[in-house]
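Asker: just the structure for this:
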Amino acid sequence: MKSSGNAVRSFLYVRDATIAFFKILIDGKDGEAYNVSNPEQNISIKELAERLVKEFSERNIAIQYEKKDRGYEENKYDNKIIYSINKLQALNWSPTISIEEGFRRTVESFDKELK
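Answerer: Next up is the predicted model:
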């Protein structure tokens, strides 16, 4: 990593997002805005890296910290916004895939493609 990894990002597996989009198209109200997010999966980049190292322990990967390149600035903003998905939940939608499971599926799909 070329930063402290403290920046927080929201992760949502593409299958969950796609289902949410269709739910909105089919059951949502015209002119309404909906947040498509997983409020339980807002984590820092550092925590994501740590989780992935643990999830893929059989691959013997590790986090490496590099000295910042000249001109690189640390993100100065606290990105801990958690979006409400209440309107989507009222349409009977909730995210189902965790970060670990989403990355596991993604890596496995690439493994199959490479074979």
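Asker: tell me who's in contact with the residue nearest to Val14 when sequence neighbours are not counted.
Answerer: In space, and not counting its chain neighbours, Val14 is closest to Gly102: 7.9 Å by C-beta to C-beta, 6 or more residues apart in numbering. C-beta here means a position set from N, CA and C on the backbone, and glycine is covered the same way. The contact partners of Gly102, taken as C-beta atoms under 8 Å, 6 or more residues apart in numbering, are 11, 13-14.
Asker: grab the nearest non-local neighbour of Arg9.
Answerer: Leaving aside its chain neighbours, Arg9 sits nearest to Ile45 (6.5 Å; criterion: C-beta to C-beta, 6+ apart).
Asker: tell me the contacts of the one you found?
Answerer: 1, 3, 5-9.
Asker: check Ile26 too.
Answerer: With contacts defined as C-beta under 8 Å, 6+ apart, Ile26 has no neighbours.
Asker: which positions within the strand or helix carrying it qualify as buried?
Answerer: Using DSSP states H and E, Ile26 falls within helix 14-27. Judged by neighbour count using 16 or more other C-beta atoms under 10 Å, the buried positions of helix 14-27 are 16, 19-20, 23-24.
Asker: ok, the residues you listed vs Ala49, which is closest?
Answerer: Checking those against Ala49 by C-beta to C-beta gives Asp16 as the nearest, at 21.8 Å.
Asker: and the pLDDT at the closest one?
Answerer: The model reports Asp16 with a pLDDT of 97.
Asker: show me where pLDDT drops low in this structure?
Answerer: Regions of the chain meeting the criterion pLDDT under 70 cover residues 67-80, 115.
Asker: helices of that one, start to end?
Answerer: Taking DSSP state H, the helices of the chain run over residues 14-27, 45-55, 86-90, 99-114.
Asker: for the third one, packing partners?
Answerer: So the one you mean is helix 86-90. Where contact means 3 or more C-beta pairs under 8 Å, 6 or more residues apart in numbering; DSSP states H and E, helix 86-90 is packed against helix 14-27.
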